[in-house]
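>>> Only the shape, not the letters, is given here:
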């Protein structure tokens, strides 16, 4: 048990430092719990068990082509730390997402918003969490957001980019992708709970 204590501890400290000040200690505790589960469950081939008694599918992302199990464990662990930190149950996740192979597809019917801009922002938040759960990074592509907005009748071509730029506190542009900021992740957790109820 705890064969790589220093490595796990360093990773937990590094990730916890990225959390808002008031969440640093709970975040660190959740990270240690998740990382401890990795070492204590060798029969599951490194798959983390969530606080909700599930063994998630371990998706192989394009960023991890080559099958690096340690990276997969860290990626899926970050997603489950997010769920644990924000007390999001597997039931809530299953009402908002469908696990399709190694990716999470948004399945909620009603976004509970009237304007296209608000729908777009909610969909962006949900896509960011889907990326966090599947790949360990709260990142999504512009193309994926456009596709999902079209599915929900929320695509507003002329104003699409401006909706995202107006919310720089929530989304950071990285080339052709956007990443969720910490405040956006907090808001995304609220959105998931709201849509699942």
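Looks like it came in fine. The shown structure was predicted, so the numbers you read here are calculated from the model rather than taken from an experiment. Numbering: from 1, shown residues only.
>>> Show me which helix or strand of the protein is least confident by mean pLDDT.
The helix or strand of the chain with the lowest confidence, counting by mean pLDDT, DSSP states H and E, is helix 24-40 at a mean of 61.
>>> Where do the helices of this structure begin and end?
For the chain, the helices defined by DSSP state H cover 5-17, 24-40, 69-85, 90-96, 116-135, 142-151, 160-165, 182-196.
>>> Return the most buried member of these.
helix 116-135 (a mean of 23; mean count of other C-beta atoms under 10 Å). For glycine as for every other residue, the C-beta is placed from the backbone atoms N, C-alpha and C.
>>> what is the mean pLDDT for that one?
Mean per-residue pLDDT for helix 116-135: 95.
>>> angle of that helix against helix 182-196?
For helix 116-135 against helix 182-196, the angle by axes from the mean of the first three to the mean of the last three C-alpha atoms, to 10 degrees is 100 degrees.
>>> Start at 38, not 1
OK, 38 is where the count begins now, so the last one is helix 153-172.
>>> Counting by contacts, list what helix 153-172 packs against.
When contacts are defined as 3 or more C-beta pairs under 8 Å, 6 or more residues apart in numbering; DSSP states H and E, helix 153-172 sits against helix 106-122, strand 134-137, strand 140-143, strand 176-178, helix 179-188, helix 197-202, strand 214-217, helix 219-233.
>>> With that, I have no additional questions.
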